[in-house]
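A.B. asks: Quick one, structure for this:
(chains A and B)
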Amino acid sequence: MKKTIAHEFLKGFWEILPPFRLVLGLCPVLAVTTAVENGIGMGLSTTFVLFFSNVIISSIKKIIPKKVRIASYIIIIATFVVIVELVMKAYFFSISKQLGLFINLIVVNCIILGRAEAFASKNPIYLSAADGLGIGLGFTLSLILISTIREILGKGTFLGMQVMWNSYEPFAFMVSAPGAFVCLGLILALINLFPKK
Amino acid sequence: MEYIILAINAILVKNILLAQYLGNCPFMGVSKKMETATGMGMAVIFVITFATSITWFVHHYLLVLLKIEYLQTIVFILVIASLVQLIEMFLKKIVPALYKALGIFLPLITTNCAILGVAVLCINNEFNFLQSLFYALFSGVGFALALILFAGIRGRFEIAYIPKVLQDTAIALVTAGLMALAFYGFMGIDNSLQALMIK
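C.D. replies: This is a model prediction of the structure:
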């Protein structure tokens, strides 16, 4: 199959949409999706790290020795995570407070290491860049979808604005830990109803 | 007494898998069989305790002294990755039986967010060394407990009728949600223990 930039970019939105088609990186998905704002913050940070780590890894893939490749990938990824961490603390302090630990944990998000190993280490730079951007934005959209459902049902708000009627009793289960698992499971089942292509 | 509360908190009330959302990839990945779940659980207890005690020293005696706390993430993940590698080599030479049991799970642990998560949590919560050690050990126990229980439940899926769209991860997530709901009940223990402490 011929690889085109458009295809590599678009596959992240449906064909291997994380975390539904590509069941990786569940921890941030479950943890930060209690509010849409956090979902967007997390998604964009992950996209940033994924895009740059893919580009760097793909451009120096010939220099990295095979035996220590995983360790090298982790260092590259960790560097970008530190950048994100510092930028978030400086400019988006409230979101960074909300996400807390999970910004550090982007390092061990399996999606990023998975893309580095499965894609960036084998493909040229421009395809890896498209792949990183596509998968990252797909991940962001999934986070927004889940957090929209959880925030509206669980708190009756969307991005902090009241959207449900006044007498609406918040369905607190949705913003708690058990609700996260159940909600993600049901969305996954819903997406499984549709074929991959 | 303080340590008992810390232990109960880490195992039941704030279970890292079900209440703190850490380490969910292996939770879904290796819970299909009882043997792999047990192996992974044991490996995590082992590594999490070692890793947290080392990162605690690294943070307090290296990063703080040199005023480079902002490099925490990068240093911790390096420590964990090399520690895992070391443990692997060590076990291979000294305790081959244990290596055989844990072997394939060790490399996977580097990217288990529970390890890095607990190491960072101990620093964020300003635990002293002994508290960190206890917290890490019992978080590991909590992880193993939840993983093994979950593997037991997942074993029943094979004989149950599950609609096609729900198969595999979807039903596993819903089940994990119900399990988390059961663990939610332990919240009460925490309050009553706190009350006991004050008396």
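A.B. asks: show me the contacts for A:Ser53.
C.D. replies: Listed by CB atoms under 8 Å, 6 or more residues apart in numbering or on different chains, the contact set of A:Ser53 reads A:Tyr73, A:Ile76, A:Ile77, A:Phe80, A:Ile112, A:Ala116, A:Ala120, A:Gly132. In short, each C-beta sits where N, CA and C put it, glycine included.
A.B. asks: Identify the residue nearest the first one in space, chain neighbours excluded?
C.D. replies: Read that as A:Tyr73. Leaving aside its sequence neighbours, A:Tyr73 sits nearest to A:Ala116 (CB to CB, 6 or more residues apart in numbering or on different chains; 4.6 Å).
A.B. asks: so which of the contacts of A:Ser53 comes closest to B:Leu130?
C.D. replies: A:Ile77 (32.5 Å; CB to CB).
A.B. asks: Quick check: the residue nearest to B:Phe129 when sequence neighbours are not counted vs chain A, distance?
C.D. replies: Excluding the flanking residues, the one nearest B:Phe129 by CB to CB, 6+ apart is B:Trp56, at 5.7 Å. Using CB to the nearest CB, to the nearest Å, we find B:Trp56 at a distance of 16 Å from chain A.
A.B. asks: B:Cys25 too?
C.D. replies: Distance of B:Cys25 to chain A, computed by CB to the nearest CB: 5 Å.
A.B. asks: how about that residue, what does it touch?
C.D. replies: Counting by CB under 8 Å, 6+ apart, B:Cys25 has contacts A:Leu24, A:Gly25, A:Leu26, A:Cys27, A:Cys110, B:Thr111, B:Asn112, B:Cys113.
A.B. asks: circling back to that earlier point, was I right to think the residue nearest to A:Tyr73 contacts A:Ile57?
C.D. replies: Yes - using CB atoms under 8 Å, A:Ala116 is in contact with A:Ile57, at 5.0 Å.
A.B. asks: Common neighbours of these two, please.
C.D. replies: In terms of CB under 8 Å, 6+ apart, A:Ala116 and A:Ile57 are both contacted by the residues A:Tyr73, A:Ile76.
A.B. asks: Flag every buried residue along the longest helix belonging to chain B.
C.D. replies: Longest helix in chain B by number of residues, with DSSP state H as the criterion: helix B:129-155. By neighbour count on 16 or more other CB atoms under 10 Å in any protein chain shown, the buried set for helix B:129-155 is B:131-151, B:154.
A.B. asks: what sits against B:Asn24?
C.D. replies: Contacts for B:Asn24 were tallied using CB under 8 Å, 6+ apart; they are A:Leu26, A:Cys27, A:Leu30, B:Leu17, B:Cys113.
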